[in-house]
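S.K.: Provided below are the primary sequence and the corresponding predicted coordinates.
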Amino acid sequence: ALPEETLALCQRADAVLFGAVGGPKWDDPTAAMRPEQGLLAIRKGLGLFANLRPVKLTPALVDASTIKADVLRDTDMLVVRELTGGIYFGERGRRDEGRTAFDTMIYTVDEIERVVRMACELARGRRKQVTSVDKANVLETSRLWRETATRVARDYPDVRFEHLLVDACAMH
């Protein structure tokens, strides 16, 4: 999925343009070689710890949604997602003769700190607001995330910082 020589070329480059992965050719999630393996390996190999996903509505599409235009108009968000920790890189497997599967979510304080700092720095050039979305009411990793994010956010007194449970975020 990601040959060593390809990773070495990427590490020496000034920039890497990476397109989307997946498609009908790779519909079998049990295949031994999958494009996502290359994606995860390149993230790890290049230290790409934050995914930046801008959400900005094109004015011509305001009336194309079932959501009220006055709610959508002027939408300008940036989703910052952590990429090298969590469930993608934790221990996984099956047991009980394949009847039980598990994926372990692990985050370190360092992983959390760097992505929260990036979000706060990016917010300074925007609306100066960061909303950290988690599942702290259930998950221990989210409680560590919340504690760490709260501490890091104190270094950014000019940025309004809040936590929101993922279920409430989806509702909003």
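M.R.: That came in fine, so what should we check first? Numbers count the residues shown, from 1 in each chain.
S.K.: please enumerate residues in contact with stretch 68-77?
M.R.: For stretch 68-77, the external contacting residues (Cβ atoms under 8 Å, 6 or more residues apart in numbering) are Pro54, Val55, Lys56, Leu57, Pro59, Val62, Asp63, Ser65, Arg126, Arg127. C-betas here are computed from N, CA, C, even on glycine.
S.K.: show the end-to-end separation of that stretch, please.
M.R.: End-to-end distance of stretch 68-77 (Cα to Cα, to the nearest Å): 17 Å.
S.K.: in this structure, which spans are strands?
M.R.: 50-56, 76-82, 92-95, 100-103, 129-134, 160-165 (DSSP state E).
S.K.: most tightly surrounded among those strands?
M.R.: Mean neighbour count (mean count of other Cβ atoms under 10 Å) peaks for strand 129-134 among these, with a mean of 18.
S.K.: can you give the strand pairings for that strand, parallel or anti for each?
M.R.: Applying DSSP bridges, strand 129-134 is found paired with strand 160-165 (parallel).
S.K.: quick check: Trp145 touching Ser132?
M.R.: Yes: the pair Trp145 and Ser132 qualifies as a contact (Cβ atoms under 8 Å) at a distance of 7.1 Å.
S.K.: distance of the most centrally placed residue in the chain relative to Thr66?
M.R.: The centroid of the chain falls nearest to Arg81 when counting by Cα atoms, centre = their mean (2.3 Å). From Arg81 across to Thr66, the span is 26 Å (Cβ to Cβ, to the nearest Å).
S.K.: what does Ser142 give?
M.R.: 31 Å.
S.K.: quick one, helices of this protein?
M.R.: Taking DSSP state H as the test, the helices found in the chain are 4-12, 35-46, 69-72, 109-124, 140-153, 166-171.
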